[in-house]
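Novice: no letters, just coordinates:
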């Protein structure tokens, strides 16, 4: 057996199998989404840091969600824009591919745990511990997945049918049995997706039951609007990830996998500030105070 079975030094990202005209449309659309994601999450992060009234456990978690979403976008979208949509060749080094996979999995795992923590009321001391635990667990789980990939030989082909180094697409190119990797991925999904989703749904179920007991129709609609917005974020992220990594392989072809990946790598980070923060009265108040301060100065 060879001492170093990894013969592939770079991969080719196939991206989207569409024509040049569609690629230009996607380039413009993704550029807008990317810019809006960075701007909106950056604004929310700035408001939370600068306004003392937003220094509460909930906004502490939201600030880390904003960091995760900015990191999500920076990890995958620039390469997609500069390489996958503009040039005919889409190479990425083996080391760069593994780094991108590690970072993407770290952010994905961390977001799962943060979405659980943000739905729980707690003290500042506890929320700091939970945030540190979320980042640590997310990084360690990603390290396990990447370590299991690095043990595999890659001797060709070297074309990844995706727009970034998504773990399932990378495993398809291995020249060895990947059943252990698939089992670990499924077990991690149970721990990081199904478990947290159940923990998130418990408090929201109680909230929905409390909303149904509200006598005022206007109050019930207002409360349900806020709750449903949060559930949309949770459902979009967890739903697309569960379908992507836990559904049978034959149930969604490779092109559908790319679309599902867009939901939790691009669309969800863009929608998060609108749903979690910009519709919130406290964040609007912070925005108004900043604007008034600038006008007066």
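Specialist: Great, that's in hand. This one's a predicted model, so the numbers in the text were calculated from it and none came from an experiment. Numbers count the residues shown, from 1 in each chain.

Novice: every contact and neighbour count from this point should use C-alpha atoms.
Specialist: Noted.

Novice: any weak-confidence spans in the stretch 1-150 of the chain?
Specialist: Low-confidence regions of the stretch 1-150 of the chain, defined by pLDDT under 70, span residues 1-6, 83, 87-90, 121-122.

Novice: okay, helices next: where are they in it?
Specialist: Listed in chain order, the helices of the stretch 1-150 of the chain (DSSP state H, counting those that start in this stretch) span residues 20-50, 57-79, 94-117, 124-150.

Novice: right, and these - which one's nearest residue 165?
Specialist: Closest to residue 165 of these is helix 94-117 (C-alpha to C-alpha; 5.6 Å).

Novice: distance from that closest one to the middle of the chain?
Specialist: Its chain's C-alpha centre lies 8 Å from the corresponding centre of helix 94-117 when counted by C-alpha atoms, centre = their mean, to the nearest Å.

Novice: contact partners of it?
Specialist: Defining contact as C-alpha atoms under 8 Å, 6 or more residues apart in numbering, one finds that helix 94-117 is touched by 8-11, 61, 64-65, 68-69, 71-72, 75-76, 127, 130-131, 134-135, 137-143, 145-146, 164-167, 192-193, 196-197, 199-200, 234, 238.

Novice: tilt between it and helix 124-150?
Specialist: Between the axes of helix 94-117 and helix 124-150, defined by axes from the mean of the first three to the mean of the last three C-alpha atoms, to 10 degrees, the angle is 150 degrees.

Novice: show the contacting residues for the residue nearest to residue 37 when sequence neighbours are not counted.
Specialist: If you skip the residues right next to it in sequence, residue 37 has residue 270 as its closest partner in space, 4.5 Å away by C-alpha to C-alpha, 6 or more residues apart in numbering. In this structure, residue 270 makes contact with 33-34, 36-37, 40-41, 69, judged by C-alpha under 8 Å, 6+ apart.

Novice: what helix or strand does residue 270 sit in?
Specialist: When secondary structure is defined by DSSP states H and E, residue 270 falls within helix 268-272.

Novice: can you check residue 232 too?
Specialist: For residue 232, the enclosing helix or strand under DSSP H and E is helix 217-246.

Novice: could you tell me how far residue 204 is located from residue 269?
Specialist: Residue 204 is 21 Å from residue 269, where distance means C-alpha to C-alpha, to the nearest Å.

Novice: higher neighbour count, those two?
Specialist: With other C-alpha atoms under 10 Å as the criterion, residue 204 and residue 269 differ in neighbour count, and residue 269 comes out ahead with 29 against 16.

Novice: now do the contacts for the more buried one.
Specialist: When contacts are taken as C-alpha under 8 Å, 6+ apart, residue 269 is in contact with 37, 66, 69-70, 72-73.

Novice: which two of the residues you listed have the greatest separation?
Specialist: For these, the maximum inter-member distance is 10.8 Å, found between 66 and 73 (C-alpha to C-alpha).

Novice: related to what we said a few turns ago, ok, and the most crowded of the contacts of residue 270?
Specialist: With neighbours taken as other C-alpha under 10 Å, the top of the contacts of residue 270 is residue 69, carrying 29 neighbours.

Novice: hang on, isn't that one packed against residue 39?
Specialist: No. Because the distance of 11.2 Å does not satisfy C-alpha atoms under 8 Å, residue 69 is recorded as not touching residue 39.

Novice: quick revisit: out of the helices of the stretch 1-150 of the chain, nearest to residue 244?
Specialist: Proximity of the helices of the stretch 1-150 of the chain to residue 244 was assessed by C-alpha to C-alpha; the nearest stretch is helix 94-117, lying at 12.8 Å.

Novice: what is the orientation angle of the closest one with helix 57-79?
Specialist: Using the same axes, to 10 degrees: helix 94-117 against helix 57-79 is 160 degrees.

Novice: buried set for helix 94-117?
Specialist: Within helix 94-117, the residues scored as buried using 16 or more other C-alpha atoms under 10 Å are 94, 97-98, 100-117.

Novice: touching, residue 85 and residue 21? I think so.
Specialist: No. Distance between residue 85 and residue 21: 10.1 Å, which falls outside the contact criterion (C-alpha under 8 Å).

Novice: out of these two, which sits in the busier spot?
Specialist: Higher neighbour count among residue 85 and residue 21: residue 85, with 26 against 9, using other C-alpha under 10 Å.

Novice: pull the contacting residues for that one.
Specialist: With C-alpha under 8 Å, 6+ apart, residue 85 has these contacts: 15, 23-24, 26-27.

Novice: please apply the same query to residue 247.
Specialist: Shown in contact with residue 247 (C-alpha under 8 Å, 6+ apart): no residues.

Novice: buried among the contacts of residue 85? Make that a ChimeraX selection.
Specialist: This is how ChimeraX selects the buried members of these, with burial counted by 16+ other C-alpha under 10 Å:
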select :15,23,26,27
